[in-house]
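Participant: One predicted model, sequence on top.
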Amino acid sequence: MTKINALSGPLTDAEVDAWWAIQVAAHAVDAAALPGLPPPARVEAAGRLRVPSPRGPVARWATAEGDGQAALLLFTEEGNTHAAFLDELTVRPDARRRGVGTALWERVREELLARGRTSVATIADLGGPGQAFAESLGFRNVLPMAWYVQELPATAPPVPATPGYELMTWSGLVPDAWAPALAVAHGAMQDAPSGDSDEAFRPWTVERLHAAQRLILDRGGELTTVAALTPAGEVAAYTVLVLPDPRGPRALQYDTVVVPGHRGRGLGRAVKLRMLERAAARHPGLRRIGTTVADDNGPMRAVNEALGYRRERDAGLFQLGL
């Protein structure tokens with residue numbers, strides 16, 4: 001019988017190392033066909049374990065044998081207290097098919113029911129053990145998506161002119177003067193494809209925007225924003241680049257949004273190219289940028305394809321009703 005221990009309180013370095021070791025071992029097997037995908041960085045693992053999410057508490061468990069672990073984010077924000085996100089359920093490859101994953105899931109499920117949650121979601125690559133395990137539990141893919149990657153070119157392509165708009169770049173927290181406008185622009189994400197997700201869209205405020213940005217920084221990452229600004233002080237478009245490990249070779253392209261009323265003017269391409277230019281100059285060790293795009297998001301897939309992104313692997317947002 002698999003013994004499972006709840007992890008609570010500040011984690012020691014040894015506990016962080018043990019958690020990270022399981023992630024690295026799983027990556028070595030599950031990503032063997034993706035040689036360009038770097039293993040999880042310790043700084044990222046430690047940040048996620050030690051810095052709480054503003055969206056709610058995270059419950060974590062590890063097996064007594066040190067061969068499996070799980071993390072569950074329980075939303076406390078208004079409109080989403082019925083839902084949760086399974087941030088991780090990982091079993092060391094040499095311990096799979098022995099009931100470890102099932103035992104961890106049963107502990108997760110007990111927590112979900114005890115907290116009155118009726119929906120839980122997770123993200124898994126298609127064709128891998130994550131999808132197979134999720135579907136065996138009854139999860140279904142409610143938002144097909146894919147990972148796309150772009151190799152940083154030796155010379156950054158020129159940034160096209162943006163008549164009527166000024167491109168500005170911020171590192172770290174958005175300046176207070178532009179925070180309200182950027183929060184409004186974030187609201188344009190409401191029309192992005194979300195499939196049949198049970199998670200409710202929440203309005204973006206300056207407080208929520210700063211909390212999300214501080215989380216990245218407090219967890220040891222770096223954050224850069226490029227925005228297209230109008231003379232009236234609006235943020236017409238923006239894109240965000242995150243380095244979970246500032247010394248690592250791979251960055252993540254977070255949101256890229258063009259506000260309705262400013263679309264069809266090449267602003268999405270312009271902010272991404274300016275970001276590419278700044279990333280190459282600021283992070284000489286950076287080699288690749290990865291991002292996820294929903295299969296239904298044709299306009300963003302077209303922009304990425306024009307910039308040289310290639311589809312790396314299929315994924316999906318999997319959801320289970322309880």
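Facilitator: Okay, I see it.
Participant: residue ranges with poor pLDDT in the chain?
Facilitator: By pLDDT under 70, the weakly predicted segments of the chain are 191.
Participant: Show me where it has its helices.
Facilitator: 13-30, 42-50, 100-114, 129-136, 179-186, 206-218, 267-282, 298-306 (DSSP state H).
Participant: Enumerate every residue touching residue 145.
Facilitator: For residue 145, the contacting residues are 292, 293, 294, 295, 314, 315, 316, 317, by C-beta atoms under 8 Å, 6 or more residues apart in numbering. For the C-beta atoms, the positions are set from N, CA and C on the backbone; glycine is no exception.
Participant: Quick one: residues contacting the residue lying closest to it once chain neighbours are set aside.
Facilitator: Leaving aside its chain neighbours, residue 145 sits nearest to residue 294 (4.8 Å; criterion: C-beta to C-beta, 6 or more residues apart in numbering). Neighbour list for residue 294: 143, 144, 145, 192, 193, 194, 195 [criterion: C-beta under 8 Å, 6+ apart].
Participant: If we ignore the residues flanking it in sequence, what's nearest residue 174?
Facilitator: In space, and not counting its chain neighbours, residue 174 is closest to residue 182: 5.2 Å by C-beta to C-beta, 6+ apart.
Participant: got the contact list for residue 159?
Facilitator: Neighbours of residue 159 in contact, by C-beta under 8 Å, 6+ apart: 167, 270, 273, 274, 277.
Participant: Using neighbour counts, trim the contacts of residue 145 to the buried set.
Facilitator: With burial judged by 16 or more other C-beta atoms under 10 Å, the buried subset of these is 292, 293, 294, 314, 315, 316, 317.
Participant: Now flag whichever of those residues is closest to residue 122.
Facilitator: The closest of the buried ones among the contacts of residue 145 to residue 122 turns out to be residue 317 (C-beta to C-beta; 7.8 Å).
Participant: Look up which residues are beta-bridged to the closest one.
Facilitator: Beta-bridge pairing of residue 317 under DSSP bridges involves residue 123, residue 143.
Participant: Now do the contacts for it.
Facilitator: 121, 122, 123, 141, 142, 143, 145, 195, 197.
Participant: Please enumerate the strands of the stretch 51-200 of the chain.
Facilitator: With strands called from DSSP state E, counting those that start in this stretch, the stretch 51-200 of the chain shows them at 58-63, 68-74, 83-91, 119-125, 140-151, 166-171.
Participant: Sheet-wise, list the partners of the third one with their directions.
Facilitator: Yep, that's strand 83-91 we're talking about. strand 68-74 (antiparallel), strand 119-125 (parallel).
Participant: Restricting to C-alpha, output stretch 285-292 in PDB.
Facilitator: Below are the C-alpha coordinates for stretch 285-292, written out as PDB (Å, rounded to 0.1, in the frame of the first residue of the first chain):
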ATOM      1  CA  GLY A 285      22.000  32.700 -23.400                       C
ATOM      2  CA  LEU A 286      18.400  32.400 -24.600                       C
ATOM      3  CA  ARG A 287      17.900  30.000 -27.400                       C
ATOM      4  CA  ARG A 288      14.200  29.200 -27.700                       C
ATOM      5  CA  ILE A 289      10.800  30.700 -26.900                       C
ATOM      6  CA  GLY A 290       7.900  28.500 -26.300                       C
ATOM      7  CA  THR A 291       4.200  29.300 -26.200                       C
ATOM      8  CA  THR A 292       0.800  27.600 -26.200                       C
END
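Participant: Please point out which parts of that stretch sit buried.
Facilitator: Buried residues in stretch 285-292 (16+ other C-beta under 10 Å): 286, 288, 289, 290, 291, 292.
Participant: Drop anything exposed from the contacts of residue 317.
Facilitator: Listed as buried from those are 121, 122, 123, 141, 142, 143, 145; burial here means 16+ other C-beta under 10 Å.
Participant: I'd like those as CSV, with distance to residue 80 appended.
Facilitator: Output for the buried ones among the contacts of residue 317, formatted as CSV (distance: C-beta to C-beta, whole Å):
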residue, distance to residue 80
121, 11
122, 15
123, 17
141, 20
142, 15
143, 16
145, 20
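Participant: which one of these is nearest residue 69?
Facilitator: For these, the minimum distance to residue 69 (C-beta to C-beta) is 14.2 Å, reached by residue 122.
Participant: Please tell me how far residue 303 sits from residue 189.
Facilitator: 15 Å (C-beta to C-beta, to the nearest Å).
Participant: Compare neighbour counts for the two and give me the winner.
Facilitator: Taking neighbours as other C-beta atoms under 10 Å, residue 303 and residue 189 compare with residue 303 leading, 20 against 14.
Participant: How about the more buried one: what's its closest non-neighbour residue?
Facilitator: Distances taken as C-beta to C-beta, 6+ apart place residue 268 nearest to residue 303, at 4.8 Å, with adjacent residues excluded.
Participant: Just to check, the one you found is in contact with residue 256?
Facilitator: Yes: the pair residue 268 / residue 256 is scored as a contact, 5.9 Å apart, by C-beta atoms under 8 Å.
Participant: which neighbours do those two share?
Facilitator: Common neighbours of residue 268 and residue 256 (C-beta under 8 Å, 6+ apart) are 237, 239, 300, 303.
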